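Student: Structure for this input, please:
(one chain, ligands or ions: 1)
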Amino acid sequence: MFKHVIVKTPGRSYVNGLTTSDLGTPNYDKALEQHAAYVEALKKCGVEVTHLPANEEFPDSTFVEDTAVLAPEFAVITNPGDVTRNKEIIEMEPILKGFYQTIHHINSPGTLDGGDVLQVDDHFYIGISDRTNEDGARQLKRIVESENYKGTIVPLKEFFHLKTGIAYLGNEWIVAAGEFLDHPGFASFKKITVSAEDEYSANCILVNDYVIVPSGYEQTTRQLNDAGYKTIELEMSEFRKQDGGLSCLSLRF
Ligand code: CIR
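Tutor: Down below sits the predicted model:
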């Protein structure tokens with residue numbers, strides 16, 4: 001069960017953040033509305049929300065997931081791979097110190113974004129991407145192993161972040177798209193399969209009794225419901241425009 005989440009309001013500078021998409025510039029007011037709905041959905045899931053104010057200096061800092069990797073026993077402050085985002089960790093570390101006694105760090109030349117890390121029970125899967133390099137992935141593997149967890153490194157072929165294409169829902173269920181549909185590392189899991197056109201919905205999050213999914217992806221939602229999951233659908237258009245998904249907007253622990 002998750003007890004806490006950390007979120008951060010997008011600042012006005014959000015519309016000037018990083019993106020590889022061609023979906024247009026986000027509408028700031030709509031982004032604020034969608035963020036507020038996200039926070040309400042998390043509250044419905046029964047978690048206590050630590051809500052950080054916007055920081056205009058870092059346009060992408062609403063995507064707090066990239067700044068840390070959290071387990072019940074320890075936190076890891078990452079070393080985000082894009083230079084414009086790297087110093088977002090400075091603001092996150094004191095917040096996490098309020099919750100954790102054991103804090104590890106990913107150090108340069110290693111880089112790692114939290115979006116590249118998927119926790120499956122006692123096992124962390126660590127993607128190597130344009131943001132997370134081999135050194136950063138190896139550092140995180142060593143850290144989790146020192147804390148009695150398993151670590152597996154997964155070089156990505158296409159996805160932006162590992163969790164762009166895969167989610168874990170507990171009870172051996174994963175949601176998988178693209179390169180993860182027949183990836184040998186995830187062959188033993190039960191799968192909710194996501195088609196190429198619905199790929200954005202592979203980034204969904206299990207928060208206690210609910211799976212939060214982006215709205216507009218009926219096939220994914222239907223499969224989730226058929227597998228016994230209660231779902232909450234959220235409009236995510238303004239975050240999708242900046243390559244952000246549901247997992248990116250919070251740290252859950
Ligand atoms: C970025 O390029 O860093 C942001 N525009 C999107 C980050 C998405 N984060 C995530 O998937 N964990």
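Student: make it CA atoms for all contacts and neighbour counts henceforth
Tutor: Will do.
Student: so what does the host helix or strand of H51 touch, helix or strand wise?
Tutor: If you go by DSSP states H and E, H51 is part of strand 48-52. Counting contacts by 3 or more Cα pairs under 8 Å, 6 or more residues apart in numbering; DSSP states H and E, strand 48-52 packs against strand 4-8, helix 28-44.
Student: So which bits of the stretch 151-253 of the chain are right by the ligand?
Tutor: 161, 242-245, 248 (Cα under 6 Å from any ligand atom).
Student: Identify the farthest-apart pair in those.
Tutor: H161 and Q242 (13.2 Å; Cα to Cα).
Student: Assign the residue in the stretch 1-150 of the chain that the ligand sits nearest to to helix, strand or coil.
Tutor: Going by Cα to the nearest ligand atom, the ligand is nearest to G115 of the stretch 1-150 of the chain, at 3.4 Å. Assigned with DSSP: H, G, I helix; E, B strand; the rest coil, G115 falls in the helix class.
Student: Thought C248 was touching it, still the case?
Tutor: Yes: in this structure, G115 is within contact of C248 by Cα atoms under 8 Å, at 6.5 Å.
Student: Quick check: neighbours shared by these two?
Tutor: Both G115 and C248 are contacted by 65-66, under the criterion Cα atoms under 8 Å, 6 or more residues apart in numbering.
Student: Just want to know which of those two has more residues nearby.
Tutor: Here G115 and C248 are set side by side on neighbour count (other Cα atoms under 10 Å), and the busier one is G115, at 28 against 24.
Student: Contacts only, for Y200.
Tutor: By Cα under 8 Å, 6+ apart, the residues touching Y200 are 164-165, 214, 245.
Student: for the stretch 1-150 of the chain, which spans come out with low pLDDT?
Tutor: The stretch 1-150 of the chain contains no residues with pLDDT under 70.
Student: thinking again about what came up before, now for the contacts of Y200: which two are most distant?
Tutor: Of all pairs in the contacts of Y200, the most separated under Cα to Cα is G165 and P214 at 13.6 Å.
Student: V15 belongs to a helix, doesn't it?
Tutor: Yes: under three-state DSSP, V15 falls within a helix.
Student: in the stretch 1-150 of the chain, which spans are strands?
Tutor: Using DSSP state E, counting those that start in this stretch, the strands of the stretch 1-150 of the chain run over residues 4-8, 48-52, 68-70, 75-77, 103-105, 117-120, 123-128, 150-155.
Student: Could you give the separation of the third one from the chain centroid?
Tutor: When distances are taken as Cα atoms, centre = their mean, to the nearest Å, strand 68-70 is centred 10 Å away from the chain's centroid.
Student: and that strand, what does it pack onto?
Tutor: If you count contacts as 3+ Cα pairs under 8 Å, 6+ apart, strand 68-70 packs onto strand 75-77, strand 251-252.
Student: Residues contacting the first one, please?
Tutor: Under the criterion Cα under 8 Å, 6+ apart, residues 67-70, 89, 93, 96, 100, 102-106 lie in contact with strand 75-77.
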